[in-house]
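Enquirer: I would like to see how this sequence folds:
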Amino acid sequence: MKDVKSYIENVLQPKIQGDGGWIEFVSLEGKELTVVFRGECSKCLILDRCIAWISDEIKKDCKADVTINAVRKKPYFQDV
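Expert: Alright, predicted model coming up:
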């Protein structure tokens, strides 16, 4: 099984950046994968589709069946 963190950082993250978004690996505990979405992803209305796609890609390429806990974070300049 491929390392899920490495897969997210090296394969999925560049694809999401192409659309102006950002994904950060937080943790993988058992089958629960927690990730943070930033940039355009933080306000995306169809993030659930992306989460389903990410889950499918991880299942296909890493042979890991995960449930994704998605956390949205506003860009740093909106936090003040």
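
Enquirer: Just the pLDDT for Q17.
Expert: Q17 carries a pLDDT value of 92.

Enquirer: which residue packs closest to it, ignoring adjacent ones?
Expert: Distances taken as C-beta to C-beta, 6 or more residues apart in numbering place G39 nearest to Q17, at 7.9 Å, with adjacent residues excluded. Quick note: C-beta positions are derived from backbone N, CA and C, even for glycine.

Enquirer: show me the contacts for the one you found.
Expert: Q17, G20, G21, W22, P75 (C-beta atoms under 8 Å, 6 or more residues apart in numbering).

Enquirer: Would you quantify the distance from it to G20?
Expert: When C-beta to C-beta, to the nearest Å is the yardstick, G39 and G20 sit 5 Å from each other.

Enquirer: For V4, give me its contacts.
Expert: Remark: with contacts taken as C-beta under 8 Å, 6+ apart, V4 is in contact with F25, L28, L33, I58, C62, A64, V66.

Enquirer: wait, is L33 part of a strand?
Expert: Yes. For L33, which was evaluated using DSSP: H, G, I helix; E, B strand; the rest coil, the result is membership in a strand.

Enquirer: Could you list the buried residues of the helix ranked longest in the chain?
Expert: For the chain, the helix reaching the highest residue count under DSSP state H is reported as helix 47-62. For helix 47-62, a neighbour-count test (16 or more other C-beta atoms under 10 Å) marks L47, C50, I51, I54, S55, I58, C62 as buried.

Enquirer: Residue ranges in this protein under the pLDDT threshold?
Expert: Where the chain drops to pLDDT under 70, the residues are 1-2, 75-80.

Enquirer: Now do the strands in it.
Expert: For the chain, the strands defined by DSSP state E occupy 21-29, 32-39, 67-72.

Enquirer: Contacts only, for the most centrally placed residue in the chain.
Expert: Centroid check for the chain by C-alpha atoms, centre = their mean gives I23 as the closest residue, at 4.5 Å. Remark: with contacts taken as C-beta under 8 Å, 6+ apart, I23 is in contact with I8, L12, Q13, I16, V35, V36, F37, R38, C41, I54.
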